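# okay, here's the prediction I keep looking at, along with the sequence it came from:
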Amino acid sequence: MKKSYKLNELDCANCARKIEDGVGKLEGVTCNVNFATSKITIEADDARFDEVVKEAARIVKKVEPDCSIVM
């Protein structure tokens, strides 16, 4: 499954890269963060997609405390 989500309060391109790197390190996950559009695209196995999105939201908060994924 592949879905894109809006990122609220994404402040800098460096944070976008850190988020992309962090989420991309999850097993079986491909991630792209576009700073210009403030969107994150996550691709993962259907069976664990919800779990991956929750973990991605945790990573986003760790990198950028004011940022969140809009679901």
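Structure's in. What do you need?
# tell me the average confidence for the lengthiest strand in the chain?
Ranked by residue count and defined by DSSP state E, the top strand of the chain is strand 2-8. Per-residue pLDDT values across strand 2-8 average out to 98.
# same question for stretch 25-33.
98.
# ok, back up a step: which strands and helices sit next to the longest strand of the chain?
With contacts defined as 3 or more Cβ pairs under 8 Å, 6 or more residues apart in numbering; DSSP states H and E, strand 2-8 has these neighbours: strand 39-43, helix 49-63, strand 68-70. (C-beta placed from N, C-alpha, C; glycine too.)
# any idea which of the ones you listed gets closest to Gly22?
The closest of the helices and strands packed on strand 2-8 to Gly22 is helix 49-63. By Cβ to Cβ, the value is 4.3 Å.
# re earlier: what are the pairing partners of the longest strand of the chain, and which direction each?
strand 39-43 (antiparallel), strand 68-70 (antiparallel) (DSSP bridges).
# what's the closest of those strands to Cys15?
Closest to Cys15 of the strands paired with strand 2-8, according to Cβ to Cβ: strand 39-43, at 11.6 Å.
# run the chain-centre distance for the closest one.
6 Å (Cα atoms, centre = their mean, to the nearest Å).
# any buried residues in the host helix or strand of Gly22, and which?
Per DSSP states H and E: Gly22 is located in helix 13-24. For helix 13-24, the neighbour count (16 or more other Cβ atoms under 10 Å) marks 15-16, 18-20, 22-23 as buried.
# residues in contact with Asp45?
Going by Cβ atoms under 8 Å, 6 or more residues apart in numbering, Asp45 touches 1, 28, 52.
# could you measure from the residue lying farthest from the centre of the chain over to Met1?
Distance from the C-alpha centroid of the chain, by Cα atoms, centre = their mean, peaks at Ala47 (18.0 Å). Distance from Ala47 to Met1, counting by Cβ to Cβ, to the nearest Å: 9 Å.
# circling back: can you redo the strands paired with strand 2-8 as TSV with mean neighbour count?
Shown next, in TSV, are the strands paired with strand 2-8 (neighbours: other Cβ atoms under 10 Å):
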stretch	mean neighbour count
strand 39-43	19
strand 68-70	15
